[in-house]
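Undergrad: here is a sequence together with a model predicted from it:
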Amino acid sequence: MRTVSLRPGEDSIRLGQLLKLVDAVPTGAQVKDVLVTGDVRVNGEPEDRRGRQVRKGDVVSIEGVEEIRVG
């Protein structure tokens, strides 16, 4: 499991931004395509909202990519 640290002073990040940050998608325009497939889960639950706030301690799973813990 890979841990991604937030910037100092931040306690959350939007799911779409996180997917770009970890190179799960090459561009922001492709975030929606990945979310529509149902391959993204936050804390084990399917997620399709790119604006979902992911907080410290949350685990994001993407089909074919190592799990990501927000730290």
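TA: Received it, and whenever you're ready, just let me know what you need. Residues are numbered from 1 along each chain as shown.
Undergrad: distance check, Gly38 against Asp48.
TA: Shown here: Gly38 relative to Asp48, a distance of 7 Å by Cβ to Cβ, to the nearest Å. All C-beta spots, glycine's among them, are computed from the backbone N, C-alpha and C.
Undergrad: ok, which stretches of this structure are strands?
TA: Ranges of strands within the chain are 2-4, 12-14, 40-42, 45-46, 53-55, 59-62, 65-70, based on DSSP state E.
Undergrad: surely Arg55 meets Leu15?
TA: No: the criterion here is Cβ atoms under 8 Å, and Arg55 misses it with Leu15 at 10.9 Å.
Undergrad: those two: which is more packed in?
TA: Leu15 (22 against 13; other Cβ atoms under 10 Å).
Undergrad: list the contacts for the residue nearest to that one when sequence neighbours are not counted?
TA: Distances taken as Cβ to Cβ, 6 or more residues apart in numbering place Arg52 nearest to Leu15, at 4.3 Å, with adjacent residues excluded. By Cβ atoms under 8 Å, 6 or more residues apart in numbering, the contact set of Arg52 is Arg14, Leu15, Val42.
Undergrad: can you give me the end-to-end span of stretch 10-21?
TA: From its first residue to its last, stretch 10-21 covers 15 Å (Cα to Cα, to the nearest Å).
Undergrad: kindly apply the preceding question to stretch 19-30 instead.
TA: Using Cα to Cα, the two ends of stretch 19-30 sit 10 Å apart.
Undergrad: and that stretch, what's buried?
TA: Leu19, Lys20, Ala24, Val25 (16 or more other Cβ atoms under 10 Å).
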